[in-house]
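Trainee: Model the following, please.
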Amino acid sequence: MSPCPRTRRVLSVASECAPLIKTGGLADVVGALPAALEPLGWHTRVLLPGYPGVLAQLAEAGTTLRRVWATEDLFGGPATVRRGVYRTTGGTGGTELDLMVLDAPHLFDRPGGPYSVDGHDHHDNHVRFAALSWVGARLAVEGTADRWRPDLVHAHDWQAGLVPSYLKYADCDVPTVVTVHNIAFQGVFGPDQLDRLKLPTWDFHPESLEYHGLVSTLKAGMVHASRVTTVSPSYATELATPEFGFGLEGVAAMRLDRGEMTGILNGIDTAAWDPATDPAVTPFSASDLAGKDANRGALLAEFGLDPTGDRPGPLAVVVTRLTHQKGVDLLCDALPGFLDAGGTVAVLGSGDPGYEFALGELAARYPGAMGVWIGYDEALSHRMYAGGDLVLVPSRFEPCGLTQLYGQHYGALPVVAATGGLRDTVTDATPENLAAGTATGFSFGDVRLGAAIDAGGLGFALGRAADLYRDADAWGRLRRTAMTTPVDWGTSAARYADLFGELVG
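Mentor: Numbers count the residues shown, from 1 in each chain. I've put the predicted structure just below:
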């Protein structure tokens, strides 16, 4: 009889982790992937900064934290790593996360979000997240006081990009995987900080730490990691091009050519995101859509929109950061035609003040037809997916995107630009795909076919969606296909497990 294989250990290093701290899809991935990997023989501990809000939530949940590592001087002050299992209820099974929290008040005990306050980045972000990376590396080298040492380290985005570098300089053979969630954010700082951050000046050259005379933590991670992953297959190939590589296309092309960079599509946590059990909405499913209609009516009322049904078009929802990348200017140009044709729009988001103002102006032009909520509210986002007929994601580039997956799962059919993970996850409602029963939404602007991501393409896609909405039978079939298409972590977690197994041996 062969011996039972032991559970392998993963240290996941990240600046965000849902549901404790979230500014985007990175947090959802870090929070959901551990549970998907556990049945495949990989137990994950997540190393997370001890932001005040995180510590408060852990205390409120009664999570016991025990010290497992400490230092007297972490780039300017003492720091402690404390470990505990955080449990919360919700959906069908709630969440259980094995956390290691880096409690370093001189770095993380401050007002604002994880990266900024009052719209301005913290001046020492490069120090704060180099410290997170350095501690992640020390845990891999030394292990913890409770005799835990990872077999592999999974580092997420620029905030954890220096983990592979610190392990290289420590001559540690623990393999590393760096996942690029968004290459537009690269963690750049000056070479005068190398000594302060325990980085060797001898490795400051173009093949390693140097990035156009500066240091990029993301580049360092992409160069030094055992493997690099991105959050969708299309994004992996896009990163090797000047249009999408943001100056790192050379590094991406090198690792792609060597077979050392792959795209693994994100999934969603279908325990937390399940319309049949979601406590934030009236329950419904692909086989019983009565609750979907109730959620639609409630959402119209919540946004102060026409609840009488006099507008014949679909209700489109937008849940996004209000930035140029997300194509908010395209929305502002394309939505008047959709609204004039009888559509209704509800927007949730915040970001660029100019876009916030433009959307507010548009809502004022269409009272009862368009509502805007500036800010973010997690429960409201659930209600929007549950009540919407469409979810609009016209991003100029999108590494993966989770919004369209939430929309599909909740019967809000996505209208997306055909880029990155949006292309990989949404099958356009062409006549051929509708006939084959494979369509899950609407897409426009596939640059591979010479089409531009612009307001004209978005407007045309909205028109196609509005036309199909008038055919109740066709719309119902399309909605059921979208809702029953798998969007969970099953397939993607297996790919991560295979990659980890290949590296650990």
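
Trainee: what's the domain layout of the chain?
Mentor: For the chain, the structural domains run 8-268+490-504, 290-484, going by automatic domain parsing.

Trainee: out of those domains, nearest to residue 278?
Mentor: With respect to residue 278, and counting by CB to CB, the nearest of the domains of the chain is domain 290-484 at 5.7 Å. All C-beta atoms are positioned from the backbone trio N, CA, C, and that covers glycine.

Trainee: can I get the domains of the chain in CSV with mean neighbour count?
Mentor: Shown next, in CSV, are the domains of the chain (neighbours: other CB atoms under 10 Å):
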stretch, mean neighbour count
domain 8-268+490-504, 19
domain 290-484, 20
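
Trainee: between the ones you listed, which one is nearest to residue 275?
Mentor: Per CB to CB, nearest to residue 275 of these: domain 290-484, 5.1 Å.

Trainee: what is the mean pLDDT for the closest one?
Mentor: Computed over domain 290-484, the mean pLDDT rounds to 95.

Trainee: I'd assumed residue 10 was in contact with residue 43.
Mentor: Yes: shown here, residue 43 and residue 10 form a contact pair, counting by CB atoms under 8 Å, at 7.0 Å.

Trainee: so what's in contact with these two at the same time?
Mentor: Residues touching both residue 43 and residue 10 by CB atoms under 8 Å, 6 or more residues apart in numbering: 34, 37.

Trainee: Can you show me the strands along the stretch 401-505 of the chain?
Mentor: Along the stretch 401-505 of the chain, counting by DSSP state E, counting those that start in this stretch, strands occupy 413-417, 442-444.

Trainee: any chance of the domains of the chain in JSON lines, with distance to residue 274 too?
Mentor: Formatted as JSON lines, the domains of the chain follow (distance: least, CB to CB, whole Å):
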{"stretch": "domain 8-268+490-504", "distance to residue 274": "5"}
{"stretch": "domain 290-484", "distance to residue 274": "8"}
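
Trainee: and of those, who's closest to residue 282?
Mentor: With CB to CB, the closest approach to residue 282 among these belongs to domain 290-484: 4.2 Å.

Trainee: Between the two ends of that closest one, how far is it?
Mentor: Start-to-end span of domain 290-484 (CA to CA, to the nearest Å) is 17 Å.

Trainee: now stretch 424-433
Mentor: 15 Å.

Trainee: Turn the strands of the stretch 401-505 of the chain into JSON lines, including distance to residue 374.
Mentor: Output for these, formatted as JSON lines (distance: least, CB to CB, whole Å):
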{"stretch": "strand 413-417", "distance to residue 374": "22"}
{"stretch": "strand 442-444", "distance to residue 374": "27"}
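
Trainee: And the pLDDT at the closest residue to residue 483 other than its chain neighbours?
Mentor: With CB to CB, 6 or more residues apart in numbering as the criterion, residue 483 has its nearest non-adjacent residue at 4.0 Å, and that residue is residue 286. Here the pLDDT value assigned to residue 286 is 96.

Trainee: Now do the same contact list for residue 286.
Mentor: 411, 479-480, 483-484.

Trainee: what's the nearest residue to residue 458 once chain neighbours are set aside sitting at in phi/psi?
Mentor: Nearest residue to residue 458 in three dimensions, chain neighbours excluded: residue 334, at 4.3 Å (CB to CB, 6+ apart). Main-chain torsions, residue 334, degrees, to the nearest 10: phi -90, psi -30.

Trainee: show me what contacts residue 77?
Mentor: If you count contacts by CB under 8 Å, 6+ apart, residue 77 has them with 104-107.

Trainee: what do you get if the cut-off is 10 Å, keeping everything else the same?
Mentor: 71, 104-107, 131 (CB atoms under 10 Å, 6 or more residues apart in numbering).

Trainee: Ok, residue 388 next?
Mentor: By CB under 10 Å, 6+ apart, the contact list for residue 388 reads 292, 295-296, 299, 314-319, 344-346, 407, 410-413.

Trainee: List the ones among these that fall in strands.
Mentor: Among the contacts of residue 388, DSSP state E puts 315-319, 344-346, 413 in strands.

Trainee: Return the member of those residues nearest to residue 179.
Mentor: So of these, ranked by how close each gets to residue 179 (CB to CB), first place is residue 319, at 23.0 Å.

Trainee: The closest one and residue 350 touch, don't they?
Mentor: No: taking contacts as CB atoms under 10 Å, residue 319 lies outside contact range of residue 350: 11.1 Å.

Trainee: which residues in the stretch 1-150 of the chain form strands?
Mentor: So, for the stretch 1-150 of the chain - with DSSP E, counting those that start in this stretch - the strands run 8-13, 42-49, 66-71, 79-88, 95-103, 116-117, 120-121.

Trainee: would you turn the ones you listed into CSV with mean pLDDT and distance to residue 386?
Mentor: Shown next, in CSV, are the strands of the stretch 1-150 of the chain (pLDDT from 0 to 100; distance: least, CB to CB, whole Å):
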stretch, mean pLDDT, distance to residue 386
strand 8-13, 98, 30
strand 42-49, 98, 29
strand 66-71, 98, 40
strand 79-88, 94, 21
strand 95-103, 94, 20
strand 116-117, 94, 31
strand 120-121, 94, 35
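
Trainee: nearest residue to residue 480 other than its sequence neighbours?
Mentor: residue 286 (4.9 Å).

Trainee: From residue 103, how far out is that neighbour?
Mentor: 45 Å (CB to CB, to the nearest Å).

Trainee: How about residue 490?
Mentor: Distance, residue 490 to residue 103, by CB to CB: 35 Å.

Trainee: Check residue 477 too.
Mentor: Applying CB to CB, the value for residue 477 to residue 103 is 53 Å.

Trainee: What of residue 487?
Mentor: 35 Å.

Trainee: can you give me the helices for the stretch 151-300 of the chain?
Mentor: Assigned by DSSP state H, counting those that start in this stretch, the helices in the stretch 151-300 of the chain fall at 163-169, 217-224, 233-238, 242-245, 249-257, 290-302.

Trainee: Need the CA coordinates for the shortest one. PDB is fine.
Mentor: It refers to helix 242-245. Output of helix 242-245 as PDB, limited to C-alpha atoms (Å, rounded to 0.1, in the frame of the first residue of the first chain):
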ATOM      1  CA  PRO A 242       3.600  47.100 -26.300                       C
ATOM      2  CA  GLU A 243      -0.100  48.000 -26.200                       C
ATOM      3  CA  PHE A 244      -0.800  46.100 -23.000                       C
ATOM      4  CA  GLY A 245       2.700  45.400 -21.400                       C
END
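
Trainee: Show me what it packs onto, helices and strands only.
Mentor: Packing partners of helix 242-245 (3 or more CB pairs under 10 Å, 6 or more residues apart in numbering; DSSP states H and E): helix 233-238, helix 249-257.

Trainee: nearest to residue 425, of the ones you listed?
Mentor: With CB to CB as the measure, helix 233-238 is the member of the helices and strands packed on helix 242-245 nearest residue 425 (9.6 Å).

Trainee: Look through this structure and tell me its longest helix.
Mentor: The longest helix of the chain (DSSP state H) is helix 125-142.

Trainee: now the angle from that one to helix 217-224?
Mentor: Angle, helix 125-142 to helix 217-224, by axes from the mean of the first three to the mean of the last three CA atoms, to 10 degrees: 30 degrees.

Trainee: tilt between helix 125-142 and strand 79-88?
Mentor: Using the same axes, to 10 degrees, helix 125-142 lies at 90 degrees relative to strand 79-88.

Trainee: From the chain's centroid, how far away is helix 125-142?
Mentor: 22 Å (CA atoms, centre = their mean, to the nearest Å).

Trainee: One more: stretch 372-379?
Mentor: Averaging C-alpha positions (CA atoms, centre = their mean) puts stretch 372-379 17 Å from its chain's average.
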